[in-house]
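**Q** Below is the structure, and that's it, no one-letter string:
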């Protein structure tokens, strides 16, 4: 087998989440490291084929926004599906914003998602047999920050 025998991976959208967040809690900020903030996750909707449900309150998104506009983020939250299953999600990733939009992002203003890169790699934990397959697959998440929420689209790498 050589590398020409390896086909490109395909992505299959599995579900999306609209997350409602509270205002950021700024932990600290300087001109070298950037701004560390914690963003409480309040609620949200899970939407997908067989994946309808809600985001449970109590999650947190920990972010460091670097002076150059790059944001390293690590979110932890849980969802409860209509069939009663609960899934814990750990979502780590980056958001890269051109320098001319950094202050807009920091102040919470809407920035057109076409001008920035916002991707995460989610992992899942569940105790429901119907969803344990998610713990054995690679997913990527395309994210968009909207004025009232964060939209996450979860794709399974096939």
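**A** Thanks, I have the structure now. These figures come from a predicted structure and were not determined experimentally. Numbers count the residues shown, from 1 in each chain.
**Q** for the helix or strand bottoming out on mean pLDDT in the chain, packing partners?
**A** Of all helical and strand segments in the chain, the minimum by mean pLDDT, DSSP states H and E falls on helix 102-106, at a mean of 80. Counting by 3 or more CB pairs under 8 Å, 6 or more residues apart in numbering; DSSP states H and E, the packing neighbours recorded for helix 102-106 are strand 59-65. Placement of C-beta: from N, CA and C, glycine included.
**Q** Please give the centre-to-centre distance between the strand it packs on and its chain.
**A** On the basis of CA atoms, centre = their mean, to the nearest Å, strand 59-65 sits 10 Å off its chain's mean C-alpha point.
**Q** got the angle for the helix or strand following it vs strand 59-65?
**A** Sequence order places strand 70-81 as the next helix or strand after strand 59-65, per DSSP states H and E. Angle, strand 70-81 to strand 59-65, by axes from the mean of the first three to the mean of the last three CA atoms, to 10 degrees: 170 degrees.
**Q** partners of strand 70-81, with directions?
**A** strand 53-55 (antiparallel), strand 59-65 (antiparallel), strand 86-96 (antiparallel) (DSSP bridges).
**Q** Pull out the buried residues from the least confident helix or strand of the chain.
**A** For helix 102-106, the neighbour count (16 or more other CB atoms under 10 Å) marks 102, 105-106 as buried.
**Q** Now for residue 148, how many residues are close by?
**A** When neighbours are defined as other CB atoms under 10 Å, residue 148 has 8 of them.
**Q** list the contacts for it?
**A** With contact taken as CB atoms under 8 Å, 6 or more residues apart in numbering, residue 148 is in contact with residue 20.
**Q** 10 Å instead, please
**A** 18, 20-21, 110 (CB atoms under 10 Å, 6 or more residues apart in numbering).
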